[in-house]
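S.K.: The following block contains a protein sequence and its predicted model.
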Amino acid sequence: MVMSLGMAARSVEILCGLSLIIQTLEFLNLREALGPQGVWTYAIGRDDLAHASQPVQNLFAFLVREDVWLLHLVLRLLAALVLIIDGASLPLVGFLFAGTLVILIRWRGAFNGGSDFMTIVVLSGLLIAMLVGASGDSELGWRAGMIYIAIHAASSYFISGGIKLLNPEWRSGEALALFLDGGIYGPLSRLSLYWLRPVAMLCSWAFIVWECLVPLAFFDAELAVIYCAVAGLFHFLVFWYFGLNRFVFAWLASFPAIIYVASQLN
């Protein structure tokens, strides 16, 4: 299987746009909680910017003001739709990238952990493509952007697997059972199979081996497709058991880049 650069680029644009729409709708649904009287009011984390200059503090206080925040989210929603329908442009991607950074700062680093950072990775890849393309070589820009996304997405799995491998609780299966015990369907029944050491170890090692072997996906395009399909199933299970729906779509946007890079290396 060979994925063309055009197909990979367009797929990333569409999937990234879809991911941003879902995130933005979620933020719109949290407007009341983010307001001055909400549990996540900006006043709670305002001191995090105490080290910044006064103009920066004033700018950010303006950006997170309730009416400005709403305008930003509406524009972000429209920009994501344009990304899906018409594709990327430098102003469009620049706006989405800068706006996402503002959101991350608003949430003191991240709202939903790794999925937020993967969103930044994909937007960074699109921004690289646009910036290099602006110099006159659009193909080089898109290739650089795809490589950037693929490397970061693959390394996220590899590092996660490496951390689990070095952790005795993950190697024994204990960590997996404890995580599931605190999931959406937790606490686990005392009769759950996940409390059985052989079952928990088998599941844990399946994740560890799969994540650590991600570099092999770049040796064959068909293998990359299979790996991404398994990754999609993995993120769906994370959503199913823990409610982390953003993970599915954030990483899904990176899969075309992985498949494209794999097809170019073979």
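M.R.: Good, I have the coordinates.

S.K.: Please pull out the lowest mean pLDDT helix or strand from this protein.
M.R.: helix 31-34 (a mean of 82; mean pLDDT, DSSP states H and E).

S.K.: which residues sit against the helix or strand just after it?
M.R.: Past helix 31-34, heading to the C-terminal end, the next element that is a helix or strand (DSSP states H and E) is helix 54-63. Among residues not part of helix 54-63, those counted as contacts by C-beta atoms under 8 Å, 6 or more residues apart in numbering are 42, 46, 49-50, 52, 68-69, 72, 102, 105. Just so you know, the C-beta spots here come from the backbone N, C-alpha and C atoms, and that holds for glycine as well.

S.K.: go again using 7 Å as the cut-off
M.R.: With contact meaning C-beta atoms under 7 Å, 6 or more residues apart in numbering, helix 54-63 is reached by 49, 68, 102, 105.

S.K.: for stretch 181-195, same thing?
M.R.: Applying C-beta under 7 Å, 6+ apart, the external contacts of stretch 181-195 come out as 176-177, 180, 199-200, 241-243.

S.K.: let's go with 10 Å and repeat that
M.R.: For stretch 181-195, the external contacting residues (C-beta atoms under 10 Å, 6 or more residues apart in numbering) are 173-174, 176-180, 199-200, 203, 238-244.

S.K.: Which of those are buried? Put it as a ChimeraX command.
M.R.: The ChimeraX selection below is limited to those of these classed as buried (16 or more other C-beta atoms under 10 Å):
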select :173,174,176,177,180,200,203,238,239,242,244
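
S.K.: Looking at the contacts of stretch 181-195, which are in helices?
M.R.: Here DSSP state H is the test, and the contacts of stretch 181-195 give 174, 176-180, 199-200, 203, 238-242 as lying in helices.

S.K.: as a whole number, average confidence for the helix or strand where G6 lies?
M.R.: In this structure, G6 sits in helix 5-29 according to DSSP H and E. Confidence over helix 5-29 (mean pLDDT, whole number) is 96.

S.K.: now stretch 71-84
M.R.: With pLDDT averaged residue by residue, stretch 71-84 scores 97.

S.K.: buried sites along it?
M.R.: 72-73, 76-77, 79-80, 82-84.

S.K.: Over to stretch 31-50?
M.R.: By 16+ other C-beta under 10 Å, the buried positions in stretch 31-50 come out as 34, 42.

S.K.: Could you shift the numbering so residue one becomes 19, and keep it that way?
M.R.: Sure, I'll start counting at 19 from here, so that last one is stretch 49-68.

S.K.: to the chain's geometric centre, what's the distance from it?
M.R.: When C-alpha coordinates are averaged (C-alpha atoms, centre = their mean, to the nearest Å), stretch 49-68 and its chain have centres 24 Å apart.

S.K.: Likewise for stretch 151-166?
M.R.: Remark: stretch 151-166 is offset 21 Å from the chain centroid, using C-alpha atoms, centre = their mean.

S.K.: do the same with stretch 175-192
M.R.: The chain centroid and the centroid of stretch 175-192 are separated by 21 Å under C-alpha atoms, centre = their mean.

S.K.: Okay then, goodbye and thanks.
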